[in-house]
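1. using only what follows, build the 3D model:
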Amino acid sequence: MTKRSSTSWVPIYLALTLTWGLSFLFIRVALTSFAPLQISFLRIALGSATLFIVARVRRIKLPLNPSLWFHATVTALLLNVIPFSLYAYGEVRVSSALAGIWNAATPLFTVVFASMLIRSERPTRGRVIGLITSFAGVIFVLGPWQGAQHSDLVGSIECIAATLCYGIGAPYSRKFLSGKTGIIEQSLIQLICGAVIMLPLEVITYRAPHDLHFNSLLAIGLLGAVGTGGAYLAMNTLFREAGPTIASTVTYVMPLVSTIAGIGFLGESLTWNQLGGATVIVGGMALTQRTINRAKDL
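-> From the prediction side, this is the model:
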């Protein structure tokens, strides 16, 4: 389907950027009452419930193809179960602002693994330069010369591992799920699979929420219904309305939102190398994206 010539996608773009950028704030607030795995499970469960309601209202039936459900399970592990859990564990140790910065490295890993899974995504010299630049930004954010504390290092590694999962899961989903079924169906079966995977883990590790208060409940509700269920529909709609090039830039803007939210609402702070490294990461991926666009225009 061709994208519209108007800018009707702009409100969706802004809403998605704001929603996903604030997700790191929601996780941090939810951690005051819920354990990391509880946050991951509730996020996926509420997201799937939201999409299930949408599907029922629109009278959409789920596909029965076993192959689709298998690939949806793998995608759920890579894009939901593992990264959602890792980010929740990571934010126990690092700020929500820093977690948002690490998420900006998602396109770095996506391009690397897309070149392995998808033949049309072959690396070029310009793309390699962009990837190396972004990787240098990752090292700059870590600041190894500063002798980072063990807790901060572990939290950063957990966030980077989550980003790595996104980088593998995105091209996998594109190769095995995209176009095989409708947008709502694809998103819903993926989240259903994620909820089914998380349920036994949640039962085994369950512990009663501590210091339960309105803010943590609100954060969980927004994270699941809006930041997961609603955001999936928004992202898929943005791909359709504006195209993948514009949609991919959401990842570049999200750190700005997460940083402002973390500093403004939680009083967090970032070091100069973290801010500088984030700029280098985004700049390198912008160079990579520009190279990809040029190749497509040839």
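
2. now do whichever helix or strand residue 256 is part of: which elements does it pack against?
-> Counting by DSSP states H and E, the element that carries residue 256 is helix 250-266. The helices and strands touching helix 250-266, judged by 3 or more C-beta pairs under 8 Å, 6 or more residues apart in numbering; DSSP states H and E, are helix 10-30, helix 96-103, helix 106-117, helix 272-297. No exception for glycine: its C-beta is placed from N, CA and C like everyone else's.

3. from what I can see residue 21 touches residue 252, true?
-> No. Residue 21 lies out of contact with residue 252 (C-beta atoms under 8 Å); the separation is 10.9 Å.

4. give me the more crowded residue out of the two.
-> residue 21 (24 against 19; other C-beta atoms under 10 Å).

5. how close does the more buried one get to residue 179?
-> Distance of residue 21 to residue 179, computed by C-beta to C-beta, to the nearest Å: 28 Å.

6. let me see the mean pLDDT of stretch 58-70.
-> Stretch 58-70 carries an average pLDDT of 94.

7. brain fart, stretch 142-154
-> The average pLDDT for stretch 142-154 rounds to 65.

8. ok, stretch 179-192 next?
-> On average, the pLDDT along stretch 179-192 is 90.

9. quick check: residue 10 vs residue 16, distance?
-> Here residue 10 is placed at a distance of 11 Å from residue 16 (C-beta to C-beta).

10. ok, these two, which is more surrounded?
-> residue 16 (24 against 13).

11. pLDDT score assigned to that one?
-> 89.

12. repeat that for residue 92.
-> Residue 92 is assigned a predicted lDDT (pLDDT) of 94.

13. tell me how far the closest residue to residue 100 other than its chain neighbours lies from residue 47.
-> Residue nearest to residue 100 in three dimensions, not counting chain neighbours: residue 258, with 2.5 Å by C-beta to C-beta, 6 or more residues apart in numbering. Computed as C-beta to C-beta, the residue 258 to residue 47 distance reads 19 Å.

14. please enumerate the helices of the stretch 101-250 of the chain.
-> 106-117, 125-142, 150-176, 183-205, 214-221, 231-242, 244-248, 250-266 (DSSP state H, counting those that start in this stretch).

15. which of the ones you listed sits closest to residue 37?
-> Minimum separation from residue 37 across these (C-beta to C-beta) falls at helix 183-205, 5.3 Å.

16. against which helices or strands is the closest one packed?
-> Using 3+ C-beta pairs under 8 Å, 6+ apart: helix 183-205 touches helix 36-57, helix 66-76, helix 231-242.

17. in the last one, what's buried?
-> The reference is to helix 231-242. Going by neighbour count (16 or more other C-beta atoms under 10 Å), the buried part of helix 231-242 is 231, 232, 233, 234, 235, 236, 238, 239, 240, 241, 242.

18. which one of the residues you listed sits closest to residue 263?
-> residue 231 (22.7 Å).

19. which ones are touching the closest one?
-> The contact partners of residue 231, by C-beta atoms under 8 Å, 6 or more residues apart in numbering, come to 16, 19, 20, 23.

20. rerun at 7 Å
-> Shown in contact with residue 231 (C-beta atoms under 7 Å, 6 or more residues apart in numbering): 16, 19, 20.

21. how about residue 78?
-> Contacts of residue 78 (C-beta under 7 Å, 6+ apart): 165, 168, 169, 172.

22. and the two most separated of these?
-> By the measure C-beta to C-beta, 165 and 172 form the most distant pair in these, at 10.2 Å.

23. can you list contacts of stretch 30-42?
-> 27, 81, 84-85, 88-89, 91-92, 198, 201-202, 205, 207, 209-213, 216, 219-220, 223-224.
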